[in-house]
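K.L.:
generate a structure from the sequence data that follows.
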Amino acid sequence: MDNQTPLISVITPSYNAERFIRETIGSVQNQTYSNWEMVIVDDCSKDRTVEYITEMSKTDERIKLHVLEENSGSAIARNKSMELAKGKYIAFLDSDDLWMPEKLERQVAFMQEKDIAFSFTKYVWMKEDGTLTNATSKAPKKVDYSRLMKHCVMGCLTVMLDKEKMGDLKMYNIRTRQDYVYWLHIVKRGHLAYGLPEVLAKYRLVENSISSNKIKAAKRNWHVYRHIEAQPLWKAMWYFFNYAINSVKQIIYRKRRG
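P.N.:
Okay, here's the model as predicted:
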């Protein structure tokens, strides 16, 4: 392995993603950084997702498909993808999101320069049809456990981890927010998350997606605070208050910019 251009494993779960999967794969193929593998674990799609992935993998051996035997959820799919990953670094990209062409090149250089294990970048929100909004996320210089509990500032599609520094960690098997819990467990182990303040990804807003229901999202965050992170009631309420305020601010910001 070249120390300057180490292998990066792209972790992608897929389920009924026929509308977007080819464009998502294309955004990885268009990277200026070429030493990557895309490990796609399909969660028993009922549409033509597997057909499209198989078709693209025939002309690009860096695309690797594994199909689960039964529908198991995105946490299991991501864990399987990480288990199969061979790269020094792992980067996450869901099957409906996109990367800017220089995403991998800029981010791996950032991590190598600072010798860090956990990084994320800014992203721009786009509508379901791919139209870009004027709303972009933030990328604070450093994020610790307390700050992350108040608000999940990083999008999963922007995160890159040094697998060698990180050790063997698996995502908690819950329906959603498993990535958030994963980040929390990483920073609890002493790894700060470092933000690269460049817009290097596009997050697709899909109607009726699991993550689009704000009331359910709030309930799941409360579950994380009280039952997964086992915070005492007063502290869970404090974190939830901060989460609610930040969420409202983000919604207002996106509406103004979108």
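
K.L.:
in the chain, which helix is the longest?
P.N.:
Looking across the chain with DSSP state H, the single longest helix is helix 233-257.

K.L.:
which residues does that helix contact?
P.N.:
Residues from elsewhere that reach helix 233-257, judged by Cβ atoms under 8 Å, 6 or more residues apart in numbering: 125, 133-135, 149-151, 214, 217-218, 221-222, 225-226, 231. Any C-beta I mention is one placed from the backbone N, CA and C, and that applies to glycine too.

K.L.:
one more pass at 7 Å, please.
P.N.:
Contacting residues not belonging to helix 233-257 are listed as 125, 133-135, 149-151, 218, 221-222, 225-226, 231 [Cβ atoms under 7 Å, 6 or more residues apart in numbering].

K.L.:
what of stretch 52-66?
P.N.:
Contacts for stretch 52-66 (Cβ under 7 Å, 6+ apart): 18, 21-22, 25, 29, 36-42, 80, 84.

K.L.:
who wins for neighbours among these?
P.N.:
In terms of neighbour count, residue 40 stands highest of those at 28 neighbours, by other Cβ atoms under 10 Å.

K.L.:
these two touch, right, it and residue 12?
P.N.:
Yes: between residue 40 and residue 12 a contact is recorded at 4.6 Å, counting by Cβ atoms under 7 Å.

K.L.:
run through the strands of the stretch 1-150 of the chain in chain order.
P.N.:
Taking DSSP state E, counting those that start in this stretch to define them, one finds strands in the stretch 1-150 of the chain at 8-14, 36-42, 63-67, 89-92, 98-99, 118-126, 132-136, 142-143.

K.L.:
reformat those as JSON lines; add mean pLDDT and distance to residue 182.
P.N.:
What follows is the strands of the stretch 1-150 of the chain, written out as JSON lines (pLDDT from 0 to 100; distance: least, Cβ to Cβ, whole Å):
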{"stretch": "strand 8-14", "mean pLDDT": "97", "distance to residue 182": "11"}
{"stretch": "strand 36-42", "mean pLDDT": "98", "distance to residue 182": "16"}
{"stretch": "strand 63-67", "mean pLDDT": "98", "distance to residue 182": "20"}
{"stretch": "strand 89-92", "mean pLDDT": "98", "distance to residue 182": "9"}
{"stretch": "strand 98-99", "mean pLDDT": "98", "distance to residue 182": "20"}
{"stretch": "strand 118-126", "mean pLDDT": "97", "distance to residue 182": "11"}
{"stretch": "strand 132-136", "mean pLDDT": "95", "distance to residue 182": "23"}
{"stretch": "strand 142-143", "mean pLDDT": "96", "distance to residue 182": "14"}
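
K.L.:
any chance of those strands in JSON lines, with distance to residue 75 too?
P.N.:
As requested, those are arranged in JSON lines below (distance: least, Cβ to Cβ, whole Å):
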{"stretch": "strand 8-14", "distance to residue 75": "9"}
{"stretch": "strand 36-42", "distance to residue 75": "11"}
{"stretch": "strand 63-67", "distance to residue 75": "15"}
{"stretch": "strand 89-92", "distance to residue 75": "12"}
{"stretch": "strand 98-99", "distance to residue 75": "22"}
{"stretch": "strand 118-126", "distance to residue 75": "19"}
{"stretch": "strand 132-136", "distance to residue 75": "27"}
{"stretch": "strand 142-143", "distance to residue 75": "22"}
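
K.L.:
what's the closest residue in space to residue 197 that isn't next to it in sequence in contact with, if anything?
P.N.:
What sits nearest to residue 197 in space, not counting adjacent residues and going by Cβ to Cβ, 6 or more residues apart in numbering, is residue 139, at 4.6 Å. For residue 139, the contact set (Cβ under 7 Å, 6+ apart) comprises 120, 121, 122, 195, 196, 197.

K.L.:
ok, the residue most central in space within the chain to residue 63 distance?
P.N.:
For the chain, the residue nearest the mean C-alpha position is residue 156 (1.8 Å; Cα atoms, centre = their mean). Residue 156 sits 20 Å away from residue 63, going by Cβ to Cβ, to the nearest Å.
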